[in-house]
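Q: below: sequence and its predicted model.
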Amino acid sequence: MRLKDLLPLSGVPHSGAPENCVEQWFGLDNLADYRKRGGHPLYGENDVDYRYNSRGYRCPEFDTEAQLRVVSIGCSCTFGTGVPQGATFHELFAERLRRELGCTVVNWNLGTAGAANDSIARVLQLTTSELNPDLVLILFTFMARREYVAANDRGFCYNPSWQAADPVIREACTHLAALTSTFDDELNFFQNYKSIERLLADRLWLFSLVDDPSKLTVVAGHLDGAHQAAGFRWLDSARDHRHAGPRTHDLLYQGFWAKFVKTGGLDKLRSKTR
């Protein structure tokens, strides 16, 4: 996407995915690889679909009305590559809210495949006031990723293991590989985390990390433990065998829920819906 698409003056920025449609496959979760691997122990060819709204997100439209509004954001794990939408950690969380509070809940999934922590922070900055969520769930992605706009005005998320087809982006990736380091990864995460912490200061929000928390050295002391849910732990694989499966999502949901209850979030939302 172009810079103007990444930074619209109003509205939720487009995800770059299809819009207003339902597809059976997405990215690494594709039919050819599925059949080559001999399928999946849980999901068949018709057991996962991707339903996109008018801005290319795997969630309801942004004008959907509900008593409680939840925003979930992260990379492909939050997007839910290879698992049904209802099996994602944040949708499990939203369903639990519906049961516990007996109210309507909309969960806007802003997760995008390949997202960097840069793009998580950018999208939250652009959407929080507009969507006005009662709760934000953040799954920060791998710290080595970066959001960047190349010389041809093409926005992309740098991933050290990714090989771009576009020669301009491919060249930009070589420069980013030379400039970044584990130390810079940590500093970049600190900057994104602190911008989000300030943005959400008056809201309920929780976060967890896809990346190994042990990678954080100095920055670990700057994270607010009152908002940090239990870390990501890989238990099983999605339909594409490359992303988190339903057991992994369920464990992540349980970590978010336990922190939510422990820190009084459930009581706060219960009083809000009375």
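A: All right, it came through fine. Every value quoted in this text rests on a predicted model; they were computed, and no experiment measured them. Residues are numbered from 1 along each chain as shown.

Q: distance of residue 160 from residue 111?
A: 21 Å (CB to CB, to the nearest Å). Bear in mind the C-beta positions are built from the backbone N, C-alpha and C, glycine included.

Q: residue 24 too?
A: 19 Å.

Q: these two: which is more packed in?
A: Using other CB atoms under 10 Å as the criterion, residue 24 and residue 111 rank with residue 111 on top: 27 against 13.

Q: got the contact list for residue 43?
A: Residue 43 makes contact with 82-84, 238-239, according to CB atoms under 8 Å, 6 or more residues apart in numbering.

Q: do the same with residue 164
A: The neighbourhood of residue 164, defined by CB under 8 Å, 6+ apart, consists of 156, 170, 173.

Q: can you classify the first one by secondary structure?
A: This means residue 156. Three-state call for residue 156 (DSSP: H, G, I helix; E, B strand; the rest coil): strand.

Q: for the closest residue to it other than its chain neighbours, helix, strand, or coil?
A: Among residues not flanking residue 156 along the chain, residue 169 sits closest, at 5.4 Å (CB to CB, 6 or more residues apart in numbering). Three-state call for residue 169 (three-state DSSP): helix.

Q: show me where the protein has its strands.
A: 21-23, 50-52, 68-73, 105-109, 135-140, 146-149, 155-158, 204-209 (DSSP state E).

Q: hmm, residue 24 is touching residue 48, no?
A: Yes - judged on CB atoms under 8 Å, residue 24 makes contact with residue 48 at a distance of 7.2 Å.

Q: now the strands of the chain as TSV including mean pLDDT and distance to residue 29?
A: Shown next, in TSV, are the strands of the chain (pLDDT from 0 to 100; distance: least, CB to CB, whole Å):
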stretch	mean pLDDT	distance to residue 29
strand 21-23	97	10
strand 50-52	98	9
strand 68-73	98	19
strand 105-109	98	16
strand 135-140	98	18
strand 146-149	96	23
strand 155-158	94	18
strand 204-209	98	23
